[in-house]
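*Asks:* Here you go, sequence then predicted model.
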Amino acid sequence: MSTDIPPSTPVESSPSAIGIFDVFALWWRARACLFVHALLAAVVGAGLFLVVYLGASSQQAVTMGVRLRFNGVERGQYPNGMPFSPQDLVSTSVLQKVYDRNDLGAFIKFEDFKDAFSVLETNAAIERLRRDFDSKLNDKKLTAVERNRVEEEFQGKIRALRNGNFQLVGLLGGRFKTWKPELAGKVLNDIMETWVEESRGRGVFKFDINVFSDNILSDIKQGQDDYLVQIDRLRVTIKRIIGNLDRLESVPGSNLVRVGEHNVSLGELRVSLQDDMKFKLGTIQSAIYAFGFYRNRTLSEAYIQDQLFNLQLDRQANAGKIKVVDDALSNYSSNNRAGTGSGGANQGSAGISAGTMIPQLGESFLDRVIDLSTQKADVEYRQNLTTQNIAVGQEMVDIDKERQLYERMLKTLDEVNEETAKRAEMLAWVQSQIDELILGLNRTLVNLQLMHAEVSRRALQPSQIYTVAEPFRTIKISTVGTFKLIAVVGFLGCLYMGLVLVVMAKDLLKKMTV
């Protein structure tokens with residue numbers, strides 16, 4: 001490397017007299033030469049950057065911004081309370097369907113296609129919050145308790161700021177020309193549509209209520225049980241359907257919904273089930289008792305005996321529960337009286353009577369606060385135990401009613417029923433009534449399914465599950481990092497200029513020592 005140094009006045013001095021200012025003076029006089037070298041370094045560096053950047057392999061990035069609009073997305077939940085994750089949008093099942101529908105095997109292997117997609121949350125407010133909390137979370141002086149408090153505060157603010165904005169990103173291998181932009185845009189749209197389709201199939205836009213279908217009638221329809229057993233199973237099934245109806249009625253606005261061919265409401269379905277229980281089922285049962293219609297009297301008797309035995313076990317278990325609760329309440333009351341005594345009772349009454357006075361912040365005031373808090377906990381505990389006893393008592397009432405029903409069934413088995421002229425006619429009537437009752441229950445179950453779907457649609461499913469917040473776009477991303485490449489080229493340019501300065505300084509040293 002050679003440099004042209006402008007002529008200068010010879011300096012008659014020894015090498016030891018050369019100082020740093022002499023070197024800087026030399027560089028200043030050679031500034032025109034240095035500018036040429038710097039320009040040359042910049043041109044060569046830019047050329048090197050373009051050659052490496054354009055020659056390196058690249059990836060095509062496809063992105064689309066979406067905003068999810070269903071209730072609960074900000075809490076990480078679907079509308080019915082099931083957990084939601086942004087990665088549900090690019091789950092394996094979703095991507096497999098998209099891959100097959102678009103015949104993408106000609107472009108990319110499925111494993112590479114599956115690994116290429118991800119979902120990022122895009123929220124400027126959350127990004128600012130993360131930057132604000134970085135210093136707090138990275139503070140090494142925080143204790144474990146303080147760090148836990150800061151993390152809870154951070155997560156709470158994150159949940160408050162979430163608005164359902166996400167970025168669907170795909171990094172696809174190969175050259176840019178191997179993946180058509182219009183196909184990439186269709187793939188992203190298909191991913192969102194397929195996710196919506198799968199979500200509906202999973203029932204995330206329906207209330208989490210176990211609504212029965214006509215499958216619960218399949219065994220009863222076969223008619224292999226004895227008439228008494230078949231009627232009893234129908235009675236239990238009607239009670240279960242009414243329980244389903246009760247759960248649907250707990251959903252706000254459900255009583256306003258009408259579905260089916262005849263636009264029935266929940267109230268009308270309830271009336272129909274109650275009529276089935278009271279009139280149809282009761283009438284059929286009376287005919288069976290009167291004429292002694294039994295396919296197998298021995299099996300019917302064994303069934304009824306087994307039901308009575310189970311009811312007796314349930315009654316004993318409930319009686320034991322009541323005794324346990326009563327003993328707990330009695331022990332609690334006796335221990336509480338022993339702990340407080342008459343003085344404690346007087347203090348409690350005095351504290352309550354003194355409630356009209358302005359409290360003074362002293363020990364007496366704090367004692368009264370603690371006393372009132374204790375009294376509230378005491379009342380809640382007693383109420384809880386009493387409520388448990390009432391619930392168990394109601395179960396025992398239902399058990400006694402069931403027991404009387406089965407005892408009546410068992411009694412009719414022992415009665416002698418003579419053959420009559422109308423026996424065959426009545427048997428056909430009983431069978432037709434059972435078939436009609438099953439058919440009516442089947443229609444009720446279909447209407448319940450429709451009611452569940454309609455109530456869920458009105459309350460949970462938005463008119464738009466998602467909207468496109470940012471249109472589809474493609475970006476070419478080089479596998480060589482731009483920042484790193486600039487840093488390397490800049491370092492080489494600085495190294496070149498450093499060598500130029502060193503050579504100039506050495507030339508000055510030679511001339512001044514001659």
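*Replies:* Perfect, thanks for sending it.
*Asks:* residues in contact with the residue nearest to the spatial centre of the chain?
*Replies:* With distances taken as Cα atoms, centre = their mean, P83 lies nearest the centre of the chain, 1.5 Å away. Residues in contact with P83 (Cβ atoms under 8 Å, 6 or more residues apart in numbering) are G76, Q77. Every residue, glycine included, has its C-beta placed from N, CA and C.
*Asks:* Check the burial of S272 by counting its neighbours.
*Replies:* Neighbours of S272 under the rule other Cβ atoms under 10 Å: 16.
*Asks:* Alpha carbons of the lengthiest strand in the chain, as CSV, please.
*Replies:* As assigned by DSSP state E, the longest strand anywhere in the chain is strand 466-478. C-alpha atoms of strand 466-478 as CSV (Å, rounded to 0.1, in the frame of the first residue of the first chain):
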residue,chain,number,x,y,z
TYR,A,466,-62.3,-12.7,13.5
THR,A,467,-61.5,-9.8,11.2
VAL,A,468,-58.4,-9.1,9.1
ALA,A,469,-56.6,-6.2,10.8
GLU,A,470,-53.6,-6.1,8.4
PRO,A,471,-53.8,-7.4,4.8
PHE,A,472,-51.7,-10.2,3.6
ARG,A,473,-48.1,-9.2,2.5
THR,A,474,-44.9,-11.0,1.6
ILE,A,475,-41.4,-10.1,2.7
LYS,A,476,-38.1,-11.5,1.4
ILE,A,477,-35.8,-12.3,4.3
SER,A,478,-32.2,-13.1,3.7
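*Asks:* Remind me what it packs against, helices and strands.
*Replies:* strand 58-68, strand 165-172, helix 181-202 (3 or more Cβ pairs under 8 Å, 6 or more residues apart in numbering; DSSP states H and E).
*Asks:* mind listing what's buried in it?
*Replies:* Residues of strand 466-478 classed as buried: Y466, F472, T474 (neighbour count, 16 or more other Cβ atoms under 10 Å).
*Asks:* could I get these as a markdown table with pLDDT and distance to K401?
*Replies:* Formatted as a markdown table, the buried residues of strand 466-478 follow (pLDDT from 0 to 100; distance: Cβ to Cβ, whole Å):
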| residue | pLDDT | distance to K401 |
| --- | --- | --- |
| Y466 | 91 | 52 |
| F472 | 83 | 65 |
| T474 | 76 | 71 |
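*Asks:* Same list, these, but as TSV with distance to L439 please.
*Replies:* Below are the buried residues of strand 466-478 laid out as TSV (distance: Cβ to Cβ, whole Å):
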residue	distance to L439
Y466	42
F472	53
T474	59
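*Asks:* so which of the residues you listed comes closest to F133?
*Replies:* Nearest to F133 among the buried residues of strand 466-478, counting by Cβ to Cβ, is Y466 at 29.1 Å.
*Asks:* For the closest one, which residues are in contact?
*Replies:* By Cβ under 8 Å, 6+ apart, the neighbours of Y466 are V66, R67, L68, R69, M192, V196.
*Asks:* Please repeat the previous calculation with a cut-off of 7 Å.
*Replies:* Each residue near Y466 by Cβ atoms under 7 Å, 6 or more residues apart in numbering is listed here: V66, R67, L68, R69, M192.
*Asks:* from those, which two are the most distant?
*Replies:* Among the contacts of Y466, the pair separated by the greatest distance (Cβ to Cβ) is R69 and M192, at 12.2 Å.
*Asks:* So for those two, which sits in the more crowded spot?
*Replies:* Each of R69 and M192 has its neighbours counted (other Cβ under 10 Å); M192 has more, 20 against 13.
*Asks:* dump the residue contacts of that one.
*Replies:* The contact partners of M192, by Cβ under 7 Å, 6+ apart, come to V66, Y466.
*Asks:* Equivalent analysis for the one 3 residues further on, please.
*Replies:* With contacts defined as Cβ under 7 Å, 6+ apart, W195 is in contact with D88, L89, V94.
*Asks:* On the three-state scheme, the first one is what?
*Replies:* Looking back up the chat, that one is D88. With DSSP: H, G, I helix; E, B strand; the rest coil as the basis, D88 sits in helix.
*Asks:* How confident is the prediction for it, by pLDDT?
*Replies:* We have a pLDDT of 93 for D88.
*Asks:* mean confidence score for whichever strand or helix holds E111?
*Replies:* For E111, the element it lies in under DSSP states H and E is helix 110-116. Average pLDDT, helix 110-116: 86.
*Asks:* helix or strand right after it?
*Replies:* Sequence order places strand 117-121 as the next helix or strand after helix 110-116, per DSSP H and E.
*Asks:* who does that next one pair up with?
*Replies:* strand 165-172 (antiparallel) (DSSP bridges).
*Asks:* Run through who's touching the strand it pairs with.
*Replies:* Identification of contacts with strand 165-172 by Cβ under 7 Å, 6+ apart yields 59-68, 86, 89, 108, 116-123, 179, 188, 191, 469.
*Asks:* Ok, stretch 257-271 next?
*Replies:* The contact list for stretch 257-271 (Cβ under 7 Å, 6+ apart) reads 242, 245, 248-249, 254-255, 444, 447-448, 450-451, 454-455, 458.
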